[in-house]
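S.K.: Could you look at this predicted model? Sequence included:
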Amino acid sequence: MSAPARPTTPAATAPAGGSSAVPGSRRSRGRAPLRAVPALAVLVVLALVPYFVGPDETDILSRVLIFGLFAVSLDLLVGITGLPSLGHAAYFGVGAYTAGLVAEHWTPNAPVPVLVAAGAGAVAAVLTGWLVVRSDGVFFLMLTLAIGEITSQLALQLDDVTGGSDGLFGIPTFRIGGEPLRLEGYRYWYVLAVFVITFAAVWLISRSPFGLALRGIRDNEDRMRSLGYSPFRYKYVAYVLAGAFAGIAGGLFAQFNRIVNPSDAGFALSAITLLALVLGGAGSLWGPVIGMAVVVVVRDYYGPDLGGHGPLVLGIVFVIAVYVLPRGFAGLAGLGALRGRRRGAVSAHATDPDDPGSGAVPGTSSEERPA
């Protein structure tokens with residue numbers, strides 16, 4: 001009588017894709033610190049930037065971080081939850097105007113304006129998201145577009161509060177301990193600190209059970225509903241969180257740029273940020289930051305030297321990226337990981353004892369094979 005087959009346990013099975021490391025195993029835990037090394041290296045390089053570049057380059061990099069953070073907040077909706085928005089700049093604008101008013105009439109001391117801006121963005125998302133999230137597809141796009149345009153028009157019409165078409169100008173810059181951060185390097189380090197903290201928060205959310213549920217809703221909402229999840233509640237919370245993170249980016253922008261106008265809440269910013277997600281790779285979080293870096297560098301740094309043709313060059317870059325990088329910059333990293341998994345699968349197949357092409361003698365049991 002043959003021995004009964006042993007039950008398969010999670011530790012005895014390899015995950016799909018050919019990788020031999022099981023989540024939670026010793027090998028995967030050992031690789032976790034190694035995966036953090038590139039992020040720490042990038043953080044160190046970013047922290048040292050003011051020592052090696054001039055004030056203009058430091059200013060551009062600060063803008064990259066601010067708008068990159070806004071792109072990350074949109075990626076929480078688009079890439080993680082599957083809700084493409086054309087009016088996300090509304091919450092950026094609400095945060096920017098709120099931070100500007102707080103800094104002008106209350107206190108510019110960090111981090112008060114940014115925190116109040118985060119709250120304002122969240123409140124605006126709470127008031128509008130309850131209706132928007134109940135729709136999907138084209139209706140969701142149209143509703144978000146309408147919210148963005150309404151916000152921009154309100155900023156234009158409320159002259160006594162927002163300054164109208166002139167906008168809010170002369171906003172006090174960041175202050176720490178009552179002292180203003182006038183040097184570009186100090187302002188950059190403050191922006192970098194807020195960026196790192198907020199990016200880490202979004203990353204943790206996307207990797208949490210809540211974030212996994214959002215990905216499930218994005219991929220198959222009907223199945224998640226049949227499993228007992230409430231897609232509306234999850235999407236509503238994600239929408240509010242994205243509004244809060246967009247408010248943080250807007251608050252940083254207001255005190256850094258020292259001027260806010262109605263266009264900062266309009267369709268143009270939402271559209272170009274959505275294109276940055278396509279360029280960088282939606283769903284990766286870090287990809288949209290790279291995509292937004294391309295946008296800011298081409299538009300703000302090289303734009304003045306292109307004789308007003310910066311948007312044209314940017315459009316050409318987007319068209320080329322669609323054909324050359326259909327999954328964005330993040331797709332390049334994903335392709336490398338896929339090749340690594342394939343090589344792991346090939347090496348595992350080469351040493352498979354039941355494979356006639358391996359070094360083991362076919363048809364022999366483990367007891368019959370030589371040591």
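M.R.: Alright, I've got the coordinates.

S.K.: what are the ranges of the helices in the stretch 251-371 of the chain?
M.R.: Assigned by DSSP state H, counting those that start in this stretch, the helices in the stretch 251-371 of the chain fall at 267-280, 286-296, 310-324, 328-350.

S.K.: Okay, and the residue most central in space within the chain sits in which element?
M.R.: Residue closest to the mean C-alpha point of the chain, counted by CA atoms, centre = their mean, is V72 at 2.4 Å. Using DSSP states H and E, V72 maps to helix 55-75.

S.K.: returning to that earlier point: quick one, grab the pLDDT at the residue nearest to the centre of the chain.
M.R.: We have a pLDDT of 96 for V72.

S.K.: Would you check that it makes contact with A200?
M.R.: No - with contact defined as CB atoms under 8 Å, V72 and A200 do not form a contacting pair (10.6 Å). C-beta here means a position set from N, CA and C on the backbone, and glycine is covered the same way.

S.K.: returning to that earlier point: and the residue nearest to the centre of the chain, what does it touch?
M.R.: Counting by CB atoms under 8 Å, 6 or more residues apart in numbering, V72 touches 198-199, 202, 245, 285, 288-289.

S.K.: The same query, at a cut-off of 6 Å, please.
M.R.: 199, 202, 285, 288 (CB atoms under 6 Å, 6 or more residues apart in numbering).

S.K.: how far out from the middle of the chain is the helix or strand that the helix holding V72 is followed by?
M.R.: Later in the chain than helix 55-75, the nearest helix or strand by DSSP H and E is helix 89-105. Helix 89-105 sits 21 Å away from the centroid of its parent chain (CA atoms, centre = their mean, to the nearest Å).

S.K.: just stretch 120-127 next, same as before
M.R.: That offset, for stretch 120-127, works out to 19 Å (CA atoms, centre = their mean).

S.K.: Please save the CA atoms from it in PDB.
M.R.: What follows is stretch 120-127 as a C-alpha-only set of coordinates in PDB (Å, rounded to 0.1, in the frame of the first residue of the first chain):
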ATOM      1  CA  ALA A 120      -9.500  71.500   4.300                       C
ATOM      2  CA  GLY A 121      -8.700  69.100   1.400                       C
ATOM      3  CA  ALA A 122     -10.200  66.200   3.400                       C
ATOM      4  CA  VAL A 123     -13.400  68.200   4.300                       C
ATOM      5  CA  ALA A 124     -13.800  69.200   0.600                       C
ATOM      6  CA  ALA A 125     -13.400  65.500  -0.400                       C
ATOM      7  CA  VAL A 126     -16.000  64.500   2.200                       C
ATOM      8  CA  LEU A 127     -18.600  66.900   0.900                       C
END
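
S.K.: How about it, which residues are buried there?
M.R.: Across stretch 120-127, burial judged by 16 or more other CB atoms under 10 Å covers 120-125.

S.K.: neighbouring contacts of that stretch?
M.R.: Against stretch 120-127 from outside (CB under 6 Å, 6+ apart): 91, 94-95, 98, 239-240, 243-244, 246-247.

S.K.: out of the residues you listed, who has the most neighbours?
M.R.: Neighbour counts for the contacts of stretch 120-127 peak at Y91, which has 39 neighbours (criterion: other CB atoms under 10 Å).

S.K.: In this structure that residue contacts A244, no?
M.R.: No - contact criterion CB atoms under 6 Å: Y91 and A244 do not qualify, at 7.9 Å.

S.K.: for stretch 45-62, what is the average pLDDT?
M.R.: On average, stretch 45-62 scores 93.

S.K.: Same question for stretch 298-310.
M.R.: Rounded mean pLDDT across stretch 298-310 is 79.

S.K.: gap between the two ends of that stretch?
M.R.: 6 Å (CA to CA, to the nearest Å).

S.K.: Also stretch 48-60?
M.R.: 15 Å.

S.K.: Dihedrals phi and psi, P180?
M.R.: In this entry, P180 is assigned phi and psi values of phi -70, psi 140 (degrees, to the nearest 10).

S.K.: tally of neighbours for P304?
M.R.: P304 has 10 nearby residues by other CB under 10 Å.

S.K.: Tell me the one among the buried residues of stretch 120-127 nearest to Y188.
M.R.: G121 (22.9 Å; CB to CB).

S.K.: and the residue nearest to the closest one when sequence neighbours are not counted, what is it in contact with?
M.R.: Once flanking residues are discounted, G121 sits nearest to G247: 2.2 Å by CB to CB, 6 or more residues apart in numbering. With contact taken as CB under 6 Å, 6+ apart, G247 is in contact with 91, 95, 117-118, 120-121.
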